[in-house]
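Visitor: Just need the structure, nothing else, for what follows:
(one chain, ligands or ions: 2)
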Amino acid sequence: MQLFDFTPEPEENILPEDGIVHYYRALIHPDDAYRYFRKLLEKIAWRNDELLMFGKRITTKRKVAWYGDKPFDYTYSKTTKKALPWINELIELKKKAELATGETYNSCLLNLYHSGEEGMSWHSDNEPELKREGAIASISLGTERKFVFRHQHSGNKVEQLLENGSLLLMKGSTQDYWQHALPPSKKADGARINLTFRTIVG
Ligand SMILES: O=C(O)CCC(=O)C(=O)O
Ligand SMILES: [Fe+2]
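Guide: Ligands and ions are numbered 1, 2, ... in the order given. The predicted structure follows:
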């Protein structure tokens, strides 16, 4: 294992307006990224997610988990989760994200996509518990997937491939103007874990 991966320079803002998104292609060496993937698969308390769709409560195949500095509550789609205490691997990944982005985070939402059939629909990460205009650092492990931003007024779209071991940083007014989604993909033929490090206030 490499204790210190190099800290890559953020590339340019991939959004043309109304927000800031940087993509760090190689935050984590691919071998270490697969090692983290296997550890998290085994150690994280994965649960099926519940969503409200057209007033009906549905259970997703995608699994989620919520960790943090304190047992923070996080409510979305009318369900509340209490943050679990950090495990070592999450602390290591949080440190890498903090070092690379120059920001701090106090919580992490994890998503496990078993295959390309699973994705996430359009949304902004703008829940009231989150720090306003706070940075969100998204680490991807495993099968690479396409991620899409859509501007809420113009409909303008920006795509970014999220590779194994990469970090996507969303900050500034991004969540006020843009939604994002992880579209299901027939091409993606493996599992993926995504970690979004966030700042909860309160
Ligand atoms: O899986 C991803 O890359 C995105 C996850 C996401 O948008 C979220 O958890 O809010
Ligand atoms: Fe999101």
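
Visitor: What residues does residue 57 make contact with?
Guide: 50-51 (CB atoms under 8 Å, 6 or more residues apart in numbering). Where C-beta positions appear, they are placed from N, C-alpha and C, glycine not excepted.

Visitor: no, scratch that, I was asking about residue 102
Guide: Contact partners of residue 102, counting by CB under 8 Å, 6+ apart, are absent.

Visitor: Quick check, pLDDT for it.
Guide: With respect to pLDDT, residue 102 has a value of 95.

Visitor: doesn't residue 199 make contact with residue 104?
Guide: Yes: using CB atoms under 8 Å, residue 104 is in contact with residue 199, at 7.2 Å.

Visitor: So which of those two has more stuff around it?
Guide: Ranked by neighbour count (other CB atoms under 10 Å), residue 104 and residue 199 place residue 199 first, with 18 against 12.

Visitor: show me where the protein has helices.
Guide: Applying DSSP state H to the chain gives helices spanning 30-43, 88-101, 174-177.

Visitor: Now do the second one and helix 30-43, the angle between them.
Guide: Interaxial angle, helix 88-101 versus helix 30-43 (axes from the mean of the first three to the mean of the last three CA atoms, to 10 degrees): 140 degrees.

Visitor: I'd like the helices of the chain as JSON lines, with mean neighbour count and distance to ligand 1 appended.
Guide: Compiled in JSON lines, the helices of the chain are given as follows (neighbours: other CB atoms under 10 Å; distance: least, CB to the nearest ligand atom, whole Å):
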{"stretch": "helix 30-43", "mean neighbour count": "16", "distance to ligand 1": "13"}
{"stretch": "helix 88-101", "mean neighbour count": "18", "distance to ligand 1": "14"}
{"stretch": "helix 174-177", "mean neighbour count": "19", "distance to ligand 1": "10"}
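
Visitor: Looking at the ones you listed, which is nearest to residue 117?
Guide: Closest to residue 117 of these is helix 30-43 (CB to CB; 17.8 Å).

Visitor: which residues touch stretch 67-79?
Guide: Residues external to stretch 67-79 that are found in contact with it (CB under 8 Å, 6+ apart): 50-52, 66, 80-87, 90, 106-110, 127, 129, 200, 202.

Visitor: Show me which of those are buried.
Guide: 51, 66, 81, 83, 86, 90, 106-110, 129, 200 (16 or more other CB atoms under 10 Å).

Visitor: give me every residue that touches residue 86.
Guide: Residue 86 touches 67-69, 94, counting by CB under 8 Å, 6+ apart.

Visitor: now it: how far from ligand 1?
Guide: Going from residue 86 to ligand 1 by CB to the nearest ligand atom, to the nearest Å gives 18 Å.

Visitor: Pop out the phi and psi values for that residue.
Guide: phi -50, psi 150 (degrees, to the nearest 10).
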